[in-house]
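Peer 1: Below: sequence and its predicted model.
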Amino acid sequence: MKTTQNFSVGWLYQKMLLFPLGLDKENALVLPIIITLAAIMCGSFYYFDGNVHLAVGIVYLCVVLVLSLLSLDLSLYLFMFTVILFEQYEIPSFPALTDSVYFFRNLKEIPYVPYFDEGVIAPFEIHILFLCLGLFIHACIKKDFFFKPLSVWGSFLLFFGFLLFGFFYGLKNGGDFLVALWEVRALFYLCLMYIIVPQILDTKKQISILFWLFIIGVTIKAIQGVLRFIDLGFTTGGYALLTNHEDPVFMVTLFVLLIGFLVFNTGKWQLRSLLMLLLPLGLGFYVAQRRASYASLMVSLSALVVILPALIRIKFLTYFLPVLLVIIIYGAAFWNNTGTLGRPVQMIKSGIEKPDKETNFQDYSSNLYRAFENYDLSQTIIKKPILGTGFGVKYDQPIPLVRIPFPLQDYIPHNEIIWVLVKLGATGFFAFWYFFNCFVAKGTQIFVRLKDPYLKVITLVIVLAVINQMVVSFFDLQLTYYRNMLYLGCLMGLLPVIDRLKSENGTVSE
């Protein structure tokens, strides 16, 4: 009788609730989750006096927790999309919905969250904690779970060890704890993504989904910049930037992805999408107005030519040489043009020859500031060449710098490659370059041996993303931005996944 009753209740539940919603026994859990989230939304809305932003934020974090417990890959997709979509720093004079979320701000600094002293964690960090929690629970309950090896793990551990040493050594030297935390935070998250991504992703389809999200997210950021450009009357309006500093760095990786798809004749729908989106991406790259990204693009394309196999290199040059000819003609025609059309040429020109103070004061003053800054850094290195100053310690300023609206100006310079040498000394600087060079060498080796054209292109993007990041970090603050390091760490974490797929599917060239 009891069995019949249970069967009847279960049958009614399926017929009356699950089937009309398109659910069945396998995904029946979705319904109570939705009901619970709706209840949390209503309860939060009532408890916090109609604070919609906070109520939505609480529900979002609940969704993240559920996804992290039930489907780690979905949680990772959501996390990386939000990393691309939301700003770490708002763009002055251009308020946007994507910077009003405050995804990278500590909870106590978010306007729509009631203030509390303990709110020293940001929403993106809560998402990372949930990812780590979900991974830990999966490791505990799955009998067949094992830790998947990392690429070049020895050099990675050496680099990570020096990061920890630099943090505590800086505190020992009188460094400020909060500043040290700010300095090392982004690189720490790169290391964390490097570890957890290969534990979560396993298949080519998952890699493809991730890159779809990158394409969509980066395109949205490019379109934001283009719309601002249009609103200003198809000019930059005298503004230093119309997108975030990080956005053109992401765009470079998509340009490499597009070139890879073209020369290896793969990608299909992603290739078609990138071709259709090339105009907004190109305009977005232009309105970003970052000289460092122009330098990183040129170096990345040069490295691409070197890495490509001989036959593919000829195919690429067949496409690229006519484009290069047009670029050279354009550069020559606008070499002395300081208008809107000549702005990209002036940014490249300012890196080759000294900008004119009268006609290009912005780049002239920027170069002068960086020259003084680099001198101060070199004098700091001379005093502590072996172990560096450690994090949280100011670098010396024998030439006092003009004050700029950056609270960590005395700790973090524009040239963040030299910054690594200042903070970690020659020993840590060696560990830094040893890790990234080992990784690029390993990635190039896998690229050469792969047969799958799609995975080959993804590997090419991963390798060149590292080179792209190192170049742009030489000119700008890019190793301490969360978005950059999370994105790069995610890409680098894909390499061992591709290496496993290569081995499992026998896609190693003979």
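Peer 2: Structure received.
Peer 1: Show the pLDDT at Ile348.
Peer 2: Per-residue confidence (pLDDT) for Ile348: 64.
Peer 1: An error on my part: the question was meant for Val30.
Peer 2: For Val30, the model assigns a pLDDT of 58.
Peer 1: do the same with the one 4 residues further on
Peer 2: pLDDT for Ile34: 66.
Peer 1: swap in the one 3 residues further on?
Peer 2: If you check Leu37, the pLDDT there is 64.
Peer 1: How about Leu23?
Peer 2: pLDDT, Leu23: 52.
Peer 1: From the chain's centre, how far out is stretch 311-327? Work that out for me.
Peer 2: Stretch 311-327 sits 29 Å away from the centroid of its parent chain (C-alpha atoms, centre = their mean, to the nearest Å).
Peer 1: What are the buried residues along it?
Peer 2: For stretch 311-327, the neighbour count (16 or more other C-beta atoms under 10 Å) marks 313, 316, 320 as buried. C-betas here are computed from N, CA, C, even on glycine.
Peer 1: swap in stretch 378-388?
Peer 2: Buried residues in stretch 378-388 (16+ other C-beta under 10 Å): 380-381, 384, 387-388.
Peer 1: now the residues you listed in a markdown table, with distance to Cys140, pLDDT and secondary structure?
Peer 2: Below are the buried residues of stretch 378-388 laid out as a markdown table (distance: C-beta to C-beta, whole Å; pLDDT from 0 to 100; DSSP: H, G, I helix; E, B strand; the rest coil):
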| residue | distance to Cys140 | pLDDT | secondary structure |
| --- | --- | --- | --- |
| Thr380 | 46 | 92 | helix |
| Ile381 | 46 | 92 | helix |
| Lys384 | 44 | 91 | coil |
| Leu387 | 39 | 93 | coil |
| Gly388 | 39 | 92 | coil |
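Peer 1: Among those residues, which pair sits farthest apart?
Peer 2: Thr380 and Leu387 (12.5 Å; C-beta to C-beta).
Peer 1: Now for those two: what residues contact both?
Peer 2: By the contact definition C-beta atoms under 8 Å, 6 or more residues apart in numbering, Thr380 and Leu387 are jointly contacted by no residue.
Peer 1: Just the buried residues of stretch 160-178, please?
Peer 2: For stretch 160-178, a neighbour-count test (16+ other C-beta under 10 Å) marks 160, 162-163, 165-167, 169-171, 175-176 as buried.
Peer 1: I'd like to know the average pLDDT value across that stretch.
Peer 2: Stretch 160-178 comes out at a mean pLDDT of 93.
Peer 1: Phe165 is in what secondary structure piece?
Peer 2: Using DSSP states H and E, Phe165 sits within helix 153-172.
Peer 1: Quick one: list the elements packing against that helix.
Peer 2: helix 177-200, helix 416-449 (3 or more C-beta pairs under 8 Å, 6 or more residues apart in numbering; DSSP states H and E).
Peer 1: just so I know, which of those lies nearest Thr82?
Peer 2: Among the helices and strands packed on helix 153-172, helix 177-200 comes nearest to Thr82, with 13.8 Å by C-beta to C-beta.
Peer 1: Check which helices and strands the closest one is in contact with.
Peer 2: The contact analysis (3+ C-beta pairs under 8 Å, 6+ apart) places helix 177-200 against helix 72-85, helix 123-141, helix 153-172, helix 482-504.
Peer 1: between these, which one is nearest to Tyr434?
Peer 2: helix 153-172 (5.1 Å).
Peer 1: Compute the inter-axis angle for that closest one and helix 416-449.
Peer 2: Interaxial angle, helix 153-172 versus helix 416-449 (axes from the mean of the first three to the mean of the last three C-alpha atoms, to 10 degrees): 170 degrees.
Peer 1: Pull the residues that contact helix 153-172.
Peer 2: 150, 177, 180-181, 184, 187-188, 191, 194, 387-393, 423-424, 427-428, 431-432, 434-435, 438-439.
Peer 1: Quick one: work out the angle between that helix and helix 482-504.
Peer 2: Going by the same axes, to 10 degrees, helix 153-172 makes 160 degrees with helix 482-504.
Peer 1: what is the orientation angle of helix 153-172 with helix 177-200?
Peer 2: Orientation check (the same axes, to 10 degrees): helix 153-172 against helix 177-200 gives 160 degrees.
Peer 1: Restricting the selection to alpha carbons, write helix 153-172 to CSV.
Peer 2: Output in CSV follows, covering the C-alpha atoms of helix 153-172 (Å, rounded to 0.1, in the frame of the first residue of the first chain):
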residue,chain,number,x,y,z
TRP,A,153,55.1,22.0,-12.4
GLY,A,154,58.7,22.3,-11.0
SER,A,155,59.3,25.8,-12.4
PHE,A,156,55.7,26.7,-11.3
LEU,A,157,56.4,25.7,-7.7
LEU,A,158,59.7,27.6,-7.8
PHE,A,159,57.9,30.8,-9.0
PHE,A,160,55.0,30.4,-6.5
GLY,A,161,57.5,29.8,-3.7
PHE,A,162,59.2,33.1,-4.5
LEU,A,163,55.9,34.9,-4.5
LEU,A,164,55.3,33.7,-0.9
PHE,A,165,58.8,34.5,0.1
GLY,A,166,58.5,38.0,-1.4
PHE,A,167,55.3,38.6,0.6
PHE,A,168,56.7,37.6,4.0
TYR,A,169,60.1,39.1,3.3
GLY,A,170,58.5,42.4,2.5
LEU,A,171,56.6,42.4,5.8
LYS,A,172,59.8,41.6,7.6
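Peer 1: What does Gln478 show for phi and psi?
Peer 2: Gln478 adopts backbone torsions of phi -130, psi -10, taken as degrees, to the nearest 10.
Peer 1: how many neighbours does it have?
Peer 2: A count of nearby residues for Gln478, using other C-beta atoms under 10 Å, gives 28.
Peer 1: Please name the residues that touch it.
Peer 2: 245-246, 249, 292, 416, 469, 472, 484.
Peer 1: go again using 7 Å as the cut-off
Peer 2: Taking C-beta atoms under 7 Å, 6 or more residues apart in numbering, we find Gln478 in contact with 249, 416, 469, 472, 484.
Peer 1: out of those, what pair is the most spread apart?
Peer 2: Val249 and Glu416 (12.7 Å).
Peer 1: rewinding a little: figure out which of the helices and strands packed on helix 153-172 is closest to Ala465.
Peer 2: Of the helices and strands packed on helix 153-172, the one closest to Ala465 (C-beta to C-beta) turns out to be helix 416-449, at 9.5 Å.
Peer 1: Name the next helix or strand downstream of that closest one, please.
Peer 2: helix 453-475.
Peer 1: Now that next one: buried residues?
Peer 2: Applying 16+ other C-beta under 10 Å to helix 453-475 flags 454-475 as buried.
Peer 1: And for stretch 407-420?
Peer 2: Neighbour-count burial for stretch 407-420 [16+ other C-beta under 10 Å]: 409-420.
Peer 1: now do the same end-to-end measure for that stretch.
Peer 2: 19 Å (C-alpha to C-alpha, to the nearest Å).
Peer 1: Distance from the chain centre to that stretch, please.
Peer 2: Distance, centroid of stretch 407-420 to centroid of chain: 19 Å (C-alpha atoms, centre = their mean).
Peer 1: Now do that stretch: everything it contacts.
Peer 2: 179, 182-183, 370, 373-374, 377, 394-395, 401, 428-429, 432, 470, 473-480.
Peer 1: Please repeat the previous calculation with a cut-off of 8 Å.
Peer 2: 179, 182-183, 369-370, 373-374, 376-378, 381, 392-395, 397, 401, 403, 406, 422, 428-429, 432, 470, 473-480.
Peer 1: pLDDT on it, on average?
Peer 2: 90.
Peer 1: sorry, back to before: let's have the helices and strands packed on helix 177-200 in a markdown table, adding distance to Pro309.
Peer 2: Output for those, formatted as a markdown table (distance: least, C-beta to C-beta, whole Å):
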| stretch | distance to Pro309 |
| --- | --- |
| helix 72-85 | 30 |
| helix 123-141 | 37 |
| helix 153-172 | 26 |
| helix 482-504 | 16 |
